[in-house]
Structures are given as C-alpha cells and as structure tokens.
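J.: Structural data only, the sequence is not supplied:
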Ligand SMILES: NC(=O)C1=CN([C@@H]2O[C@H](COP(=O)(O)OP(=O)(O)OC[C@H]3O[C@@H](n4cnc5c(N)ncnc54)[C@H](OP(=O)(O)O)[C@@H]3O)[C@@H](O)[C@H]2O)C=CC1
Ligand SMILES: O=C(O)CCCC(=O)O
C-alpha cells in the first residue's frame, strides 16, 4: 500500500524516499509513505494559509455539512479503517472498530458544536457605548499525533478545528501513518475544499520544526510524550503560538473497601488492559485498601488470566503486540525493577519475541512500594502494580505523588467517601466506578505535566477560537 502527502488537494511525494510501515504483530511491511521535510511542510502550511479566508467565512452550517458527510463516510468505511488500524498498530480488531466509532463521534459532535460558538454582550459602564465579545477561528492549525490511537487522536483535533473555521496541517506518527492518510482521503471524498486539510509524513524533527517555526501556524495541538511536549512548548515561544498539549499520564486507581469488588475488577481490567495498556489514561498503578486487598487481588487475577495475547486480527485476541522493542523494554524494566525491590508477581511477569515482534503477557504485581519505577514513570504496557493502603487520605496522597495529572479512578459505593477522593485528586479526568470515561462530549485533558488545554466537549472547540473584544461608540 503506497500512500502520499496531501497538499492543497493533491497527492504528492511520489519522488521522495519512502518510510516503511510494519505490522507490529508480524513484522510484515504493510505500506510506505514519503519521508517529507521542511519544504513539503512549508507548502502544506502555505496551502492551509491560502484556504483559510474562504473556509473561515463559510457559515457554521456549511462547515457542519462537510463534517457530517465525513462522519457518514467514516462509519461506512468502519471495517476497512479498523482493519488498517490493527494491521499497522496492533490493537485487537474489536478495539479498532470501537476506535473508528469513537473517532466518528468527535466529527459528529463538533459538526453540531460549531453552531454553538456564541459571543456575548457586556453591559457598558458609559452611555452611548456597546461592548461585545466575538469568537473567531485561531487560523492555521498544526497537529502532531501519536501512534496509540491512530484515528481518534486526529479526529478530535481535526473536527473542532474545521468546525471553528480553522485550516489544518497534520503530521501523523511514523509508526501508524496509514490510518491517518485514509482519514484524509475520506476528507477529500467528503468534498472538503482543497487546502483546508493537509497531511505531511516524515522526519518529526523537520516536519514539526517547520510547523513550530512558521509564523502562519497560529495553533499547535499535540498528543504524545511529556518529553516531546516540553520541547514543543519551548519551541512555540519563538512565535508565541497558541498551544494545546495532551501528554503522558500515570493514572492511579483507588479501590476503597466499600467498593463493589466485582464491578471494581471489571473497571480495572477495562482501564488497565485497553490497547494493551498503551493508553495515556490507562490505570498505571492500583491502590487497594487492606480490608479487601486479598479478595480483590484474587478476583482480579482470575479475570486477567483469561486475557489472550496475540495478533489483533485473530478472533479472541484481547491484547495485541507492543508497538516496538523500546516499548517492550520499558515494560520489562519496570517489572524487573519492582520484583528486584520486593514486589511479588502473581500473574504473567514476562513477554516474548516472535519474528522480531514483541508481546507482553497481562501482568499483576502485588505488594508494590511507592518508590518503585513503575509507580512513578509511565509504563505503557499491560502491567498492573498493586499497593496496599490503609486510609482514604493515604490513598489520595499516593495518587497525587507523581508529576502527572491526566486521569484517575476511584471505586467506591459511598457518595461521601467517593466524593472526598474525587475532590482530593489533582487530575483532569476522574472515573468514579467507571474504567473508561472518555466521550466526545466531555472535556479530555490533564493537569500538571500531563498537559495544557482540553479536547472534546465545548472546551474542545474553544481551543481553536480567539476572543475578540469590541467596544463600539454610538
Ligand atoms: N499521551 C499519549 O497519548 C501518548 C504518550 N506516549 C508516551 O510516550 C512514550 C514514547 O512514545 P513515542 O511514540 O516515542 O511518543 P512521542 O512523543 O515521541 O511521539 C508522538 C508524536 O510526536 C512526534 N515527535 C517525536 N519527536 C518529536 C520532536 N522532537 N518534535 C516534534 N515531534 C516529535 C512523533 O513523530 P514520529 O513518530 O515521526 O517520531 C509522533 O508524531 C510512550 O511509551 C508513552 O509513555 C506516547 C504516545 C501517546
Ligand atoms: O492519548 C491517548 O492515549 C488516547 C486517549 C484515548 C481516549 O481518548 O480515551
């Protein structure tokens, strides 16, 4: 499968050197994309800049109808998009299907939300004066996206940007560019005018370098590691760009002793093992109160041991491959570090290599301590470390111990105790008796070093709007 750049409505880059895309479950080459650099990115930005006046002057209703067409096309192509995603990223096919529907839900939500970009009037402090607040699109948007959600992380940036009247240049990840290109093909099929959506694949230092330094780009939206996010924040200072960052997480899961244990086990499995643990809001560590500690662990192990590891295309697979060897090595390092410092492995604890591809078995560690690597650094793999805690306040203290603040979870049947924990958590998203809180209509994003800004919900379109205050003398 040969795919290309999409710049100003043309598929280009046929003459450039190609990057091979591998299936992480088999090692097979499944496609190629061009290795673009500064000059291709500049052309894409110029096209987006040129398309901006016309696109931004359409009515919200006109932009909405393009997005609705895109939404229908995504659902029409659900099976094909899902298969492509599994082939290049590895997640089980049923999760890929879920991701296509999830991605389409952002397009649908923002097709409607664009119609609700309201300004306001302010009571003046003087006679013969009108004061009003208007909203306008921020301008050309540069989006840099990660491999773990190849479709959703583009859709939840592209849809609000386009709905707000912005034009768009996306740099997808090198590991999973094919799904991104297919989505952009559907944008073309939906009739979105040329120059409004552009895509450049290639060297992140060069493509992102141009996006960050080009003065025509007014907004950068990034999902990925905290390390790269910090670099982008520094680089955005030069041209003072509006920036949204959705960065790493280290989600704590607190299971209080009044929790419904079966419900908690299901919630922890859903949170922890979705996408093989390669999700920024996945539970990274579990705190369980002493009274239910042994009972919870035994039920958790019994359920988790049924999870099947393998090729995501095969029926029955629950956990696909790790994205690459670096991802696998990080998981192995965290597990070994915990065991060497006294944690007990009660399930899994190892992975395997097959044809140069890396798989990790669902793993549960008990009696983990706060100082271990796994309790502090993002693991991004199918490992659940469990620490025993006594009081609710002790659980809150440990939950807040890292510099991350994206998602956290609490399982409790008590309104008073659950609410106390929710209030104490320094996190942008909290699932209370809910292991999968994400939804297009809700704000998604983190506090502390997990990022800046929110995607989804009304906040998700605000991120692509400027506020203009107008004072009118009458
Ligand atoms: N918040 C989240 O959802 C995610 C968190 N992570 C965390 O990050 C770890 C590493 O994953 P990784 O894929 O390397 O994440 P990165 O942050 O490196 O990659 C995310 C995106 O940023 C691009 N990128 C990489 N380096 C730069 C740079 N210097 N300047 C601008 N853009 C850059 C990548 O491009 P390219 O692919 O071409 O290098 C990709 O498009 C994971 O193990 C996980 O802990 C990872 C992915 C998502
Ligand atoms: O950044 C991620 O890891 C993707 C988040 C998936 C979700 O929206 O739940």
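T.: Arrived safely. Since we're looking at a predicted model, the values are computed, not measured. Residues are numbered from 1 along each chain as shown. Ligands and ions are numbered 1, 2, ... in the order given.
J.: didn't residue 2 look like it was pressed against residue 29?
T.: No: contact between residue 2 and residue 29 fails when scored by CB atoms under 8 Å: they sit 11.1 Å apart. For the C-beta atoms, the positions are set from N, CA and C on the backbone; glycine is no exception.
J.: Now do the buried residues in stretch 276-294.
T.: Within stretch 276-294, the residues scored as buried using 16 or more other CB atoms under 10 Å are 276-289, 292-293.
J.: what about that stretch and ligand 2, any contact?
T.: Yes: against ligand 2, stretch 276-294 shows contacts by CB under 6 Å from any ligand atom at 279-281.
J.: Give me the subset of the buried residues of stretch 276-294 that lies in strands.
T.: Members of those lying in strands (criterion: DSSP state E): 283-289.
J.: tell me which of those residues is nearest to ligand 1?
T.: Of all those, ligand 1 sits closest to residue 284, with 9.6 Å by CB to the nearest ligand atom.
J.: residues in contact with the residue nearest to that closest one when sequence neighbours are not counted?
T.: Excluding its sequence neighbours, the residue lying closest to residue 284 (CB to CB, 6 or more residues apart in numbering) is residue 250, at 4.5 Å. Contact analysis of residue 250 by CB atoms under 8 Å, 6 or more residues apart in numbering lists 284-285, 376-378, 402, 404, 406.
J.: nearest to residue 173, of those residues?
T.: Nearest to residue 173 among the contacts of residue 250: residue 378, at 16.6 Å, using CB to CB.
J.: got the contact list for the closest one?
T.: 225-226, 248-250, 280, 284, 404.
J.: Farthest pair within the residues you listed?
T.: 225 and 284 (14.1 Å).
J.: thinking again about what came up before, columns distance to residue 91 and pLDDT on top of the ones in strands among the buried residues of stretch 276-294, output as TSV?
T.: Listed next are those as TSV, based on distance: CB to CB, whole Å; pLDDT from 0 to 100:
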residue	distance to residue 91	pLDDT
283	17	98
284	18	98
285	22	98
286	22	98
287	27	98
288	28	98
289	33	98
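J.: Do I have it right that residue 34 meets residue 11?
T.: No: with contact defined as CB under 8 Å, residue 34 does not count as touching residue 11 (10.1 Å).
J.: what does the protein put close to ligand 2?
T.: Going by CB under 6 Å from any ligand atom, the residues of the chain near ligand 2 are 148-149, 152, 223, 246, 279-281, 438, 444.
J.: so which of those residues are also by ligand 1?
T.: Residues of the residues of the chain next to ligand 2 in contact with ligand 1 (CB under 6 Å from any ligand atom): 148, 223, 246, 280.
J.: The third one: what's it in contact with?
T.: Put plainly, it is residue 246. 222-224, 280, 406, 444-446, 450-451, 453, 455.
J.: One more pass at 7 Å, please.
T.: 223, 445-446, 451, 455 (CB atoms under 7 Å, 6 or more residues apart in numbering).
J.: And the strands in the stretch 151-300 of the chain?
T.: 167-171, 197-199, 217-223, 242-246, 251-255, 283-289 (DSSP state E, counting those that start in this stretch).
J.: Now do the fourth one: distance to the chain's middle.
T.: So that's strand 242-246. Distance, stretch centre to chain centre, for strand 242-246: 12 Å (CA atoms, centre = their mean, to the nearest Å).
J.: tell me the secondary structure for the residue lying closest to residue 310 once chain neighbours are set aside?
T.: Excluding the flanking residues, the one nearest residue 310 by CB to CB, 6+ apart is residue 317, at 4.5 Å. Judged by DSSP: H, G, I helix; E, B strand; the rest coil, the three-state class of residue 317 is coil.
J.: and what of residue 359?
T.: strand.
J.: Next to ligand 1, which bits of the stretch 201-350 of the chain? Give me the list.
T.: 204-205, 208, 223-225, 228, 231, 246-248, 280, 327.
J.: Who is residue 287 paired with across the strands?
T.: residue 254, residue 387 (DSSP bridges).
J.: Surely it and residue 390 touch.
T.: No: Residue 287 lies out of contact with residue 390 (CB atoms under 7 Å); the separation is 10.2 Å.
J.: picking up where we left off before, okay, the strands of the stretch 151-300 of the chain in a markdown table with distance to residue 299 next?
T.: Listed next are these as a markdown table, based on distance: least, CB to CB, whole Å:
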| stretch | distance to residue 299 |
| --- | --- |
| strand 167-171 | 43 |
| strand 197-199 | 46 |
| strand 217-223 | 34 |
| strand 242-246 | 33 |
| strand 251-255 | 11 |
| strand 283-289 | 11 |
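J.: Thanks again, I'm all set now.
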